[in-house]
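[1] Below are the sequence and a predicted model for it; my questions follow.
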Amino acid sequence: MAALWQLMGLGSLAALAGASFVMQATVNSQLRRALDSACWASFVSYLGGTLVMLVVILVLREPLPASDSLAKSSWLHWTGGLFGAVYVVITILLLPRLGAATLLALFVAGQMIASLAFDHFGLFGLERQPADLPRLAGALLLVLGVVLIRR
């Protein structure tokens, strides 16, 4: 029973993150219209996120990472912001053209297809999980969902 409650709690957090994505995309797109610049709207989004994370770090009293921890990391570990910026700019540009539901459906389909490839090939240190028929069928259903939402 405890596992069910834990799953429900974690599922609720994941759903909240999904709703937060839609809200972020919407306000960023509106800011793009107001500023007439996807780049400046993205910058403002990242600046806001950076300031919020700084407050969280201060409130939680997180220590600076140790130098040996920094030395153990790969250059690739530091590229998350690059991929985040790509997603934010594309989202800002596409939301007004596609609508929130279609954009999110495409976003999830893209995540699923990439996730299947990452798992199947064990990319970036992930444990290999073959892209078997049920997993491929699930991804196909997501892609079909995009088609139905876009109709």
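    Looks like it arrived, so ask away.
[2] Show me this protein divided up by domain.
    25-65+77-98, 100-151 (automatic domain parsing).
[3] Residue 11: which of those is closest?
    domain 100-151 (15.2 Å; C-beta to C-beta). Any C-beta I mention is one placed from the backbone N, CA and C, and that applies to glycine too.
[4] quick one: that closest one to chain centroid distance?
    The chain centre lies 14 Å from the centre of domain 100-151; the measure is C-alpha atoms, centre = their mean, to the nearest Å.
[5] next one: stretch 92-106
    With C-alpha atoms, centre = their mean, you get 14 Å for stretch 92-106.
[6] which parts of the longest helix along the chain are buried?
    Longest helix in the chain by number of residues (criterion: DSSP state H): helix 2-35. Buried positions in helix 2-35, judged by neighbour count with 16 or more other C-beta atoms under 10 Å: 21, 22, 24, 25, 26, 28, 29, 31, 32.
[7] Let me see the mean pLDDT of it.
    What helix 2-35 shows for mean pLDDT is 89.
[8] for residue 96, helix, strand, or coil?
    helix (DSSP: H, G, I helix; E, B strand; the rest coil).
[9] who touches the residue lying closest to it once chain neighbours are set aside in this structure?
    What sits nearest to residue 96 in space, not counting adjacent residues and going by C-beta to C-beta, 6 or more residues apart in numbering, is residue 29, at 5.6 Å. Residues in contact with residue 29 (C-beta atoms under 8 Å, 6 or more residues apart in numbering) are 41, 91, 92, 95, 96.
[10] mind checking how far the first one is from residue 128?
    What that stands for is residue 41. 39 Å (C-beta to C-beta, to the nearest Å).
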